[in-house]
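Peer 1: Sequence first, predicted coordinates after that:
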Amino acid sequence: MRKSRAEVLPRILAWALLSGVALGIGFVALAALLLGIGYLRTGNFPGEVQRLALLSVMTTVFSQALAPLWGATLLSWLALVRVSPRLDARWPTIALGIAGLAALWFAPVGRYCFEVWTPTSARDVLATLALCAGGVSAALLLPRLALRALAPGALA
């Protein structure tokens, strides 16, 4: 049975907020991991100029790639489950659906939003697709796994 908008709206807002936070935290954790690996290899952390450059790159990647991909995936999932509530009924369809949408949205987001990205090979495209779509999918799924109010069927 389809839930009313008044029932679903708070859940949608919670999911959007928590998944956006998860995406940001995950991206910062990835950057910290890369800094840690660099430290282990060289024995020192980047200087001030390198830190500012890294911050600029991170901000650009987040605003041009991850945020638009997250938003497109979130909104298209919500539209799909409004039309076909059964998509939101089980974990396998939720996980595959969200990952599939993130992968599908990667091409237009990469083409029209990710202005600083210039892939040179199919390997570049596949690696960036995996990182971006994987990160967005994980960020969208984690709050649903963690909160009972966002369990399967909660958004349909």
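Peer 2: Received it, and whenever you're ready, just let me know what you need.
Peer 1: Okay, and the residue nearest the centre of the chain sits in which element?
Peer 2: Taking C-alpha atoms, centre = their mean, the centroid of the chain lies closest to residue 136, which sits 1.5 Å from it. Assigned by DSSP states H and E, residue 136 belongs to helix 122-146.
Peer 1: tell me the average confidence for that helix?
Peer 2: Helix 122-146 shows an average pLDDT of 97 in the prediction.
Peer 1: Show me what counts as buried in it.
Peer 2: Within helix 122-146, the residues that qualify as buried are 128-129, 132-133, 135-144, counting by 16 or more other C-beta atoms under 10 Å. For every residue, glycine as well, the C-beta is placed using N, CA and C.
Peer 1: Same check on stretch 25-35?
Peer 2: For stretch 25-35, the neighbour count (16+ other C-beta under 10 Å) marks 26, 27, 31 as buried.
Peer 1: can you list contacts of the helix holding residue 136?
Peer 2: Here helix 122-146 makes contact (C-beta atoms under 8 Å, 6 or more residues apart in numbering) with 14-15, 18-20, 22-23, 26-27, 30, 65-66, 69-70, 73-74, 77, 94-95, 98-99, 102-103, 105-106, 109-110, 117, 119, 150-152, 154.
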